Structures are given as C-alpha cells and as structure tokens.
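A.B. asks: Sharing a model that was predicted from the sequence below.
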Amino acid sequence: MGNFMSLTVWKKGKDLAVFVYKVTRQGSIAKDFALRDQMCRAAVSIPSNIAEGDQLDSNQQSIRHLYIARGSAAELHTLAIIARETGLLQEKEFEHIARECNEISGMLCRLIGARANNPKPTNPKAHSPGPHSPAPTPRTSHPAPRTSHPAPDPQ
C-alpha cells in the first residue's frame with residue numbers, strides 16, 4: 001500500500017477515464033450532458049478510489065475504497081450499455097469500455113481478496129507508536145462514503 005501509481009489496476013482505471021472523457025466529447029453523446037457527465041464521473045471514480053484506498057492506513061479502509069471503485073466500474077458499464085442502446089455510443093467504443101470495466105472489476109476483486117487475506121497493515125509505523133510517541137487519538141466519526149453520485153438537490 002502507499003504507491004497507487006505502480007498498481008496496474010490504477011493505471012488501467014486512469015486510462016479508461018481518459019478514454020471516456022475523449023469519447024464523450026465527440027459525436028451525439030457530447031450533446032447529452034447528463035449521460036456524458038455521469039459516465040465521466042463514474043470513470044474518474046475508479047482510479048480515484050483506488051488511489052485513495054491505497055493511501056489509507058489499513059487493509060480494511062483500503063478494501064472499502066476498492067469496493068467503491070468496483071461499483072463505479074459496474075456503473076460505467078451500465079451507462080455505456082444505455083448510451084449504446086440509445087445510439088449515443090458507437091459499438092467500437094462500447095466494446096472497449098465494457099472490456100476494460102470487466103477486466104478492472106476482476107483485478108479489483110483479486111486485489112480485495114489479497115488485502116482481505118492479509119490482516120496486517122503494510123505500514124506498521126502507522127499502527128504501532130514508538131516508545132517516545134504519544135498514544136494515537138481515537139477517531140470519533142467515520143468519513144462519509146465516496147461515490148460518483150452528486151448530492152441530492154434540496155428543494
């Protein structure tokens with residue numbers, strides 16, 4: 001943990017996000033702002049959550065973000081299906097997105113399994129203070145889960 005840019009799954013997720021941005025900026029999908037923007041948010045959420053999870057202090061926290069990234073891959077795949085079926089995304093672009101989402105999801109599943117089977121944190125300094133270090137302060141609240149969905153509009 002701690003070097004997300006070296007993870008192949010992060011690289012693939014980042015490349016997929018760049019591809020989605022490029023594809024959705026041209027053709028008829030560029031005019032469907034809601035679908036285009038949601039596809040971009042889901043695509044960006046994949047490598048972002050992988051990176052965030054990799055920087056956290058425990059496997060449990062990391063796994064939570066990897067599951068969010070996996071959910072975002074499923075969301076992007078679903079949005080691509082809708083875009084293809086409504087004629088807003090060409091078959092070639094759809095096939096690339098679908099293939100990458102499936103591959104990334106499988107890679108995330110394997111990474112989740114590896115981290116779940118390794119209960120020890122990879123950064124022991126974050127969990128075992130030295131003899132002259134103060135005791136860690138307990139957390140009183142948990143951060144809100146990260147999703148690729150915008151907050152509801154209060155009306």
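C.D. replies: That came through, no problem. Numbering: from 1, shown residues only.

A.B. asks: Which other helices and strands does the helix or strand hosting Arg70 contact?
C.D. replies: Using DSSP states H and E, Arg70 sits within helix 59-85. Helix 59-85 makes packing contacts with helix 8-23, helix 33-54, helix 91-116 when contacts are defined by 3 or more Cβ pairs under 8 Å, 6 or more residues apart in numbering; DSSP states H and E. Backbone N, C-alpha and C define where each C-beta goes, glycine included.

A.B. asks: could I get these as TSV with mean neighbour count?
C.D. replies: Converted to TSV, the helices and strands packed on helix 59-85 look like this (neighbours: other Cβ atoms under 10 Å):
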stretch	mean neighbour count
helix 8-23	19
helix 33-54	21
helix 91-116	17
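
A.B. asks: possible to save those as TSV with mean pLDDT and distance to Tyr67?
C.D. replies: Formatted as TSV, the entries for these read as follows, by pLDDT from 0 to 100; distance: least, Cβ to Cβ, whole Å:
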stretch	mean pLDDT	distance to Tyr67
helix 8-23	98	13
helix 33-54	97	9
helix 91-116	97	7
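
A.B. asks: right, so of those, which gets closest to His77?
C.D. replies: The minimum distance between His77 and those falls on helix 91-116, with 4.0 Å, by Cβ to Cβ.

A.B. asks: which strands and helices sit next to that closest one?
C.D. replies: Where contact means 3+ Cβ pairs under 8 Å, 6+ apart, helix 91-116 is packed against helix 8-23, helix 59-85.

A.B. asks: May I see the buried residues of the longest one?
C.D. replies: Spelled out, that is helix 59-85. Counting neighbours by 16 or more other Cβ atoms under 10 Å, one finds that the buried residues in helix 59-85 are 59, 61-73, 75-77, 79-80, 83-84.

A.B. asks: tell me the angle it makes with helix 91-116.
C.D. replies: Here helix 59-85 points in a direction 170 degrees away from that of helix 91-116 (axes from the mean of the first three to the mean of the last three Cα atoms, to 10 degrees).

A.B. asks: Wait, Asp54 touches Gly13, no?
C.D. replies: No: using Cβ atoms under 8 Å, Asp54 is not in contact with Gly13; the gap is 11.6 Å.
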